[in-house]
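Asker: Generate a structure from the sequence data that follows.
(one chain, ligands or ions: 1)
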Amino acid sequence: MYAIEVENLVRKFGDFTAVDNLSFSIKKGEVFGLLGPNGAGKTTTMSMLSTMLPPSSGKASVNGFDILKDQDNVRKSIGIVFQDQSLDEELTAYENMDFHGRLYRIPKSTRQKKITELLKLVELYDKKDNLVKTYSGGMRRRLEIARGLMHEPQVLFLDEPTLGLDPQTRNHLWDYIDKLNKEKGISIILTTHYMDEADKLCHRIAIIDKGKIIALDTSENLKNDIGGDVITIISPERDDLYSAIRSMPDIKNIELHDSSITIGIQNAEKHVAHIVNIASANNIEIKSLSINKPTLEDVFLHFTGRTIREEEANSKDKMRMIRKAGRR
Ligand SMILES: Nc1ncnc2c1ncn2[C@@H]1O[C@H](COP(=O)(O)OP(=O)(O)OP(=O)(O)O)[C@@H](O)[C@H]1O
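Answerer: Residues are numbered from 1 along each chain as shown. Below is the predicted model of the structure:
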């Protein structure tokens, strides 16, 4: 059984199609990422899978339960951490957790044990009696994750889990998410517009743009599929080197430039020694050699002709933070 199965899922708002015929499945124990720019349809997809928004057409199941026919069981199977914070600022961390446990009718003795275990897991146990309004952004997000795990969900939904957090806090949170997956075996679906986040956390990534999946695979395969690595060599005897190595069997393409040679090749590091040996056997000097690995940004560019514009994303992050602050 899959953690999530999605078949031809569509969501329209009036004439506008926000989610356009998505199909994918997520294995149990997998961390799966929906990566795409703002407005790509990620949150809308998560909202449908968590039964908060009905699809216009198509079907999906979570933990084997149909999102339309078996909503109660879907809800019991999932923990949710969405973009907008939903903690009670005037309560302590413990009280927030306890309140959530009561909502799910978890008996008192189990509740206390669970709260202790989860607050320790996200390293907030020492601060359990502090009011949430005294918490930093990273601490709040960790508390939200712990709270989302109170009822022992099989699948965790994380919508932009590190939005608006500073790089150090993001790194910390990534460690917790990784730990949750490894230690508790929880399947995780997360959305992000941060390439490094998808790269670091996700076993597989669906790149989504304008409501459609444009590529889906492991990060490594996605990068390899667009042509692999690029080796750049600077040498005073470029022409000789070019002639000596151009017939190497694994080279996908080789180009001679004014001051360098560039070689497109998969798993570049495996071929570097061979290239250096050929140069040395032919008395050719190599001044420098560097390997560039393609990034997920290159993958997105390859499929869409555009970049996921981080400036745009960042300004949107700021707007969200201002909006949230205004609500307090
Ligand atoms: N309730 C709604 N009514 C009309 N349009 C909507 C509604 N909700 C979302 N949309 C539109 O659907 C598209 C997808 O939005 P969605 O929030 O799913 O994108 P996203 O990839 O999660 O981006 P973001 O990270 O900015 O939320 C956007 O163009 C958005 O404006």
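
Asker: so who does residue 75 touch?
Answerer: 50, 51 (C-beta atoms under 8 Å, 6 or more residues apart in numbering). Using the backbone N, CA and C atoms, a C-beta is placed for each residue, glycine as well.

Asker: Could you check how far it is from residue 52?
Answerer: The spacing between residue 75 and residue 52, counted by C-beta to C-beta, to the nearest Å, is 10 Å.

Asker: Ok, residue 137 next?
Answerer: Residue 137 is 24 Å from residue 52, by C-beta to C-beta.

Asker: With residue 82 instead?
Answerer: For residue 82 relative to residue 52 (C-beta to C-beta), the value is 9 Å.

Asker: Which residue of these two possesses the greater neighbour count?
Answerer: Shown here are residue 82 and residue 52; by other C-beta atoms under 10 Å, residue 82 has more neighbours (19 against 15).

Asker: Hmm, that one is touching residue 159, no?
Answerer: Yes. Residue 82 lies in contact with residue 159 (C-beta atoms under 8 Å); the separation is 4.6 Å.

Asker: Which residues are in contact with each of these two?
Answerer: 43, 46.

Asker: list the contacts for the spatially closest residue to residue 295 that is not a sequence neighbour?
Answerer: Excluding the flanking residues, the one nearest residue 295 by C-beta to C-beta, 6 or more residues apart in numbering is residue 195, at 6.1 Å. By C-beta under 8 Å, 6+ apart, the contact set of residue 195 is 35, 295, 296, 297, 300, 308.

Asker: Which of the three states applies to the last one?
Answerer: What DSSP: H, G, I helix; E, B strand; the rest coil gives for residue 308 is coil.

Asker: likewise the fifth one?
Answerer: For residue 300, the assignment made with three-state DSSP gives helix.

Asker: What is the neighbour count of it?
Answerer: Neighbourhood size, residue 300 [other C-beta under 10 Å]: 23.

Asker: quick one: it and residue 241, what's the gap?
Answerer: 33 Å.

Asker: residues contacting residue 88?
Answerer: Counted by C-beta under 8 Å, 6+ apart, residue 88 has contacts 95, 96, 99, 132.

Asker: What residues does the third one make contact with?
Answerer: When contacts are counted by C-beta under 8 Å, 6+ apart, residue 99 touches 88, 91.

Asker: Using the three-state scheme, assign it.
Answerer: helix.

Asker: could we number from 417 for the rest of this?
Answerer: Got it, the first residue is 417 from now on, which makes the last one we talked about residue 515.

Asker: what's the distance between it and residue 450?
Answerer: Residue 515 is 30 Å from residue 450, by C-beta to C-beta.

Asker: Residue 563 too?
Answerer: Residue 563 is 22 Å from residue 450, by C-beta to C-beta.

Asker: before we move on, what about residue 723?
Answerer: On the measure of C-beta to C-beta, residue 723 and residue 450 end up 18 Å apart.

Asker: higher neighbour count, these two?
Answerer: residue 450 (26 against 13).

Asker: From the chain's centre, how far out is the helix or strand where that one lies? Work that out for me.
Answerer: Assigned by DSSP states H and E, residue 450 falls within strand 447-451. When C-alpha coordinates are averaged (C-alpha atoms, centre = their mean, to the nearest Å), strand 447-451 and its chain have centres 5 Å apart.
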